[in-house]
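> Have a look at this prediction, sequence included:
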Amino acid sequence: MQKGGCQGCQFSTRCLPILIENYPYAVDGLNIWSTIKTWVTDYCSIYYKTDDMVQQDTELLSWCKELLEQGHGDKKNEPWWPKMQTRVEVIETCTIVIWTASALHAAVNFGQYPFVGYLPNRPTVSRRFMPEIGTPEYEELKKNPNLAFSKTVTAQFQTVLFNRNFV
């Protein structure tokens, strides 16, 4: 985390002194993280009074097993996966999931709209199927992938002409 402007042990406002004072993403992000974690802690405390209750929650454990074995089968034996045996592990995992699906997603993706919101910058239709092995189109793809790709994209004029209702 030092490279990203923070130093410390865990991702929390108590542990990560911000090295770059004027870095709104870090300052705001840590505040949002802290708020999410507080809410998740309060919420999880309603349903899990003890670590034993976490260990007996078959639905939670099934969800974790599915994530490991189906969602990340290639990483299922990594030692860093939470075991989901304690309330702390549940709280940390839920905080990460909510953070990733909300604040992180918004920070990363909302800035793209000024570029991709203008249709000629990202044409919406491909005009060719993937070439089949042995065809001249496939040989062209192997020889010059950029040229082959550029032939699939709708022309800028056509994109503007047929998508003017969305601009």
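Yep, that arrived. Residues are numbered from 1 along each chain as shown.
> Could I get the full set of helices for the chain?
24-47, 51-55, 58-66, 87-99, 105-109, 113-116, 136-143, 145-150, 156-162 (DSSP state H).
> Would you tell me which one of those helices is buried the most?
helix 87-99 (a mean of 18; mean count of other C-beta atoms under 10 Å). The C-beta positions use only the backbone N, C-alpha and C, and glycine is treated the same way.
> Run the angle between that helix and helix 58-66 for me.
60 degrees (axes from the mean of the first three to the mean of the last three C-alpha atoms, to 10 degrees).
> what helices or strands is helix 87-99 leaning on?
When contacts are defined as 3 or more C-beta pairs under 8 Å, 6 or more residues apart in numbering; DSSP states H and E, helix 87-99 sits against helix 24-47, helix 51-55.
> ok, and what's touching that helix?
32-33, 36-37, 40-41, 44-45, 48, 50-51, 54, 60, 82-84 (C-beta atoms under 8 Å, 6 or more residues apart in numbering).
> Pick out whichever of these sits closest to residue 107.
Nearest to residue 107 among the contacts of helix 87-99 is residue 32, at 9.3 Å by C-beta to C-beta.
> Can you check which of the helices and strands packed on helix 87-99 gets nearest to residue 134?
Nearest to residue 134 among the helices and strands packed on helix 87-99 is helix 24-47 (49.6 Å), distances taken as C-beta to C-beta.
> quick check: angle from that closest one to helix 58-66?
Here the directions of helix 24-47 and helix 58-66 differ by 140 degrees (the same axes, to 10 degrees).
> Kindly spell out which helices and strands sit in contact with helix 24-47.
Short answer (3+ C-beta pairs under 8 Å, 6+ apart): helix 24-47 packs on helix 87-99.
> chain center to the helix it packs on: distance?
In terms of C-alpha atoms, centre = their mean, to the nearest Å, the centre of helix 87-99 is found 15 Å from the chain centre.
> Just the CA coordinates for it, please, in CSV.
Presented in CSV, the C-alpha positions along helix 87-99 are these (Å, rounded to 0.1, in the frame of the first residue of the first chain):
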residue,chain,number,x,y,z
ARG,A,87,-17.5,-12.6,13.0
VAL,A,88,-14.4,-10.6,12.1
GLU,A,89,-13.9,-12.6,8.9
VAL,A,90,-17.5,-12.2,7.9
ILE,A,91,-17.4,-8.4,8.6
GLU,A,92,-14.1,-8.0,6.6
THR,A,93,-15.4,-10.0,3.7
CYS,A,94,-18.8,-8.3,3.5
THR,A,95,-17.1,-4.9,3.8
ILE,A,96,-14.8,-5.7,0.9
VAL,A,97,-17.7,-6.9,-1.3
ILE,A,98,-19.8,-3.8,-0.6
TRP,A,99,-16.8,-1.5,-1.0
